[in-house]
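In: Any chance you could fold what I've pasted below:
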Amino acid sequence: MKLWHCGGARSLRPLWTLEELGLPYELEILQFPPRLLEKDFLKLNALGTVPYFTDGDTSMTESVAICQYLVDRYPNDGLGLERAHPEYGDYLNWLHQADATLTFPQTIYLRYTAFEPAPEKLAVAEDYAKWFMARLRRLDAFLEEREYLVAGRFTIADIAIGYALYL
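Out: Numbering: from 1, shown residues only. Predicted coordinates:
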């Protein structure tokens with residue numbers, strides 16, 4: 001099992017999951033962005049993105065999908081939820097909301113304030129900041145009376161959302 005990773009990238013999610021599961025793995029740390037700074041990496045992963053993960057003949061590039069693969073494929077102490085669990089829908093929703101709803105507006109904001117700080121782009125950044133903050137308020141309200149997102153325990157949904165908050 002091998003994970004290609006860059007510091008601060010979405011590859012933190014599967015790295016965190018591998019550590020929580022205590023699985024043996026090989027870690028390859030790349031410079032960010034690897035598609036520009038690690039040209040040989042493109043031979044392995046044509047997208048040039050991290051994470052890139054292999055497990056035997058399986059190769060994957062989506063961070064949350066890798067986390068879900070790991071908890072479904074390898075025995076663990078409840079890092080995932082079974083389909084029959086009453087909170088399974090919430091679990092899947094939080095897993096996928098991490099990128100689709102939280103990280104997306106956050107990365108747009110960062111792009112237009114830190115990497116492309118032209119004055120005309122700041123209005124775009126402000127709009128995405130408001131969008132992101134509205135989603136954070138929803139998350140905060142959801143967690144007001146609970147420690148974890150689902151099932152009263154730590155799951156990969158917490159890892160997925162945790163990365164968005166870390167970013």
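In: Using the record's assignment, carve the protein into domains.
Out: 2-73, 88-166 (automatic domain parsing).
In: for the protein, longest helix please?
Out: Using DSSP state H, we find that the single longest helix of the chain is helix 122-143.
In: quick revisit: pick out the shakiest of the domains of the chain, pLDDT-wise.
Out: Ranked by mean pLDDT, the domains of the chain end with domain 88-166 at the bottom, a mean of 88.
In: Need the domains of the chain in a markdown table (columns: distance to Leu79).
Out: All C-beta spots, glycine's among them, are computed from the backbone N, C-alpha and C. Output for those, formatted as a markdown table (distance: least, CB to CB, whole Å):
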| stretch | distance to Leu79 |
| --- | --- |
| domain 2-73 | 5 |
| domain 88-166 | 6 |
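In: Mean neighbour count and distance to Glu82 for these - can I get that in JSON lines?
Out: Below are the domains of the chain laid out as JSON lines (neighbours: other CB atoms under 10 Å; distance: least, CB to CB, whole Å):
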{"stretch": "domain 2-73", "mean neighbour count": "17", "distance to Glu82": "10"}
{"stretch": "domain 88-166", "mean neighbour count": "16", "distance to Glu82": "7"}
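In: so His85 makes contact with Thr155?
Out: No: counting by CB atoms under 8 Å, His85 does not reach Thr155; the two are 10.0 Å apart.
In: any residues in contact with both of those two?
Out: Each of Tyr91 lies in contact with both His85 and Thr155 under the rule CB atoms under 8 Å, 6 or more residues apart in numbering.
In: on that earlier part again, between the domains of the chain, which one is closest to Gly80.
Out: domain 2-73 (3.2 Å; CB to CB).
In: chain center to that closest one, what's the gap?
Out: 11 Å (CA atoms, centre = their mean, to the nearest Å).
In: start to end distance for it?
Out: 15 Å (CA to CA, to the nearest Å).
In: How about Leu36, nearest residue that isn't a chain neighbour?
Out: Nearest non-adjacent residue to Leu36, counting by CB to CB, 6 or more residues apart in numbering: Gly48, 7.7 Å away.
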